[in-house]
Each structure stands twice: as structure tokens, then as C-alpha cells.
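Q: sequence unknown, structure follows:
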């Protein structure tokens with residue numbers, strides 16, 4: 001495949017230089033790239049700008065490094081089964097606020113320890129925002145409190161969702177019971 005310069009139209013030998021000019025991404029040859037490198041509004045995307053002793057600007061193609069990709073398991077990753085069976089207690093805001101004040105911590109200190117914004121912590125303490133499982137676990141560890149409890153599942157009979165009609169939730173429950181019975 002032949003790559004040509006988007007400005008002069010010449011064939012590009014070697015690695016092309018990619019620049020962004022007023023939002024447009026262009027592929028340029030060495031000559032055109034060095035001409036436009038110092039112009040206001042031009043950003044070199046792939047290349048290194050170098051000044052020669054004579055004051056002339058040159059752009060060298062950036063070296064490409066291939067980094068191996070590996071899957072990393074996060075430490076705080078929540079198991080789907082755990083998320084389904086755990087829930088945050090009802091009076092979580094009061095419990096968090098009492099524990100924080102008992103330890104003599106300000107909101108900003110606790111928020112920085114948890115890695116969240118102070119406004120997020122304020123909303124959690126006011127009961128406007130329910131923390132997710134990971135954040136609740138962090139809070140339990142830092143404050144020495146219990147926020148997560150086993151979820152009590154209310155068993156619903158078939159069609160109990162409303163006016164006797166079958167809902168998608170009922171279908172899921174039926175299929176789940178069928179799989180468990182096999």
C-alpha cells in the first residue's frame with residue numbers, strides 16, 4: 001500500500017508523521033511535517049520534534065514499542081454471586097457518620113483514604129447515595145464497622161408481581177428453578 005502526504009501528495013518513504021491541524025488528523029511526509037511543526041494550532045501526534053543547531057525543525061518518527069498484553073485481575077473485583085447475596089444496611093449513612101466522628105476523622109481525610117471525593121462521601125452519609133459493594137468493604141475496613149449483610153430474598157409466587165400477569169422477572173425465576181431442578 002502506498003502512503004501519500006495529505007498536503008503535497010508525494011509518496012511517503014519510511015514512517016509517516018501524523019499531525020493534528022485544527023482538529024483534522026493528517027498524514028504528512030518529513031518535509032511538510034517540518035514545515036508545519038512550529039505553526040500555532042498544529043500538534044504532532046506520532047513523531048518527535050527536534051531542533052537542529054542551525055535552527056531548522058525536524059520531526060523524527062516515533063519508535064514503536066510492542067508491549068505484551070496480559071489480563072490483570074483486580075484486587076477489589078466483586079464476584080457476581082457475592083453482589084447478588086450482599087446488600088448495604090438500611091441506616092448506613094448514620095453508621096458511617098458516627099464511626100467517622102468517633103475516630104475523629106474529617107470528611108476530606110476519610111474521602112482521601114477511600115479514594116473518593118468529599119462530596120461523594122457527604123452524599124453517602126446523608127443517605128442520598130448507596131455505596132457499592134467494594135466501597136462498602138473499604139469503609140468497613142477503615143472505620144471498623146459492619147455495612148454489608150446477607151440479602152433476605154423474599155420468595156414470590158408465580159404471577160405475584162401485580163395483576164396476575166406474567167412478567168420477565170417471573171420467567172427468569174421459572175427458568176432458574178428449572179435449571180436448579182435438573
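A: Arrived safely. The structure presented is a predicted model; accordingly, all values stated were derived computationally and were not measured.
Q: shaky segments in the chain?
A: 1, 37, 41, 46-83, 153-164, 181-182 (pLDDT under 70).
Q: can you list the domains in it?
A: The chain breaks down by automatic domain parsing into domains covering 17-60, 80-150.
Q: for this protein, which segments count as strands?
A: 17-21, 24-28, 42-46, 48-51, 57-60, 86-88, 148-150 (DSSP state E).
Q: can you give me the separation between the closest residue to residue 129 other than its chain neighbours and residue 99?
A: In space, and not counting its chain neighbours, residue 129 is closest to residue 123: 4.0 Å by C-beta to C-beta, 6 or more residues apart in numbering. Placement of C-beta: from N, CA and C, glycine included. Using C-beta to C-beta, to the nearest Å, we find residue 123 at a distance of 17 Å from residue 99.
Q: next, count neighbours for the residue nearest to residue 129.
A: Neighbourhood size, residue 123 [other C-beta atoms under 10 Å]: 16.
Q: please apply the same query to residue 85.
A: Neighbours around residue 85, by other C-beta under 10 Å: 13.
Q: now it. Nearest residue, chain neighbours left out?
A: Nearest non-adjacent residue to residue 85, counting by C-beta to C-beta, 6+ apart: residue 151, 5.3 Å away.
Q: right, and that neighbour touches residue 87 too?
A: Yes: under the criterion of C-beta atoms under 8 Å, residue 151 makes contact with residue 87 at 4.6 Å.
Q: those two - which one has more neighbours?
A: Taking neighbours as other C-beta under 10 Å, residue 151 and residue 87 compare with residue 87 leading, 17 against 11.
Q: gap between the more buried one and residue 136?
A: 9 Å.
Q: joint contacts of these two?
A: Common contacts of residue 87 and residue 136 (C-beta atoms under 8 Å, 6 or more residues apart in numbering): residue 148.
Q: who's in contact with the residue nearest to residue 138 when sequence neighbours are not counted?
A: Leaving aside its chain neighbours, residue 138 sits nearest to residue 114 (5.3 Å; criterion: C-beta to C-beta, 6+ apart). Shown in contact with residue 114 (C-beta under 8 Å, 6+ apart): 121, 135, 138-139, 142.
Q: great, nothing more from me.
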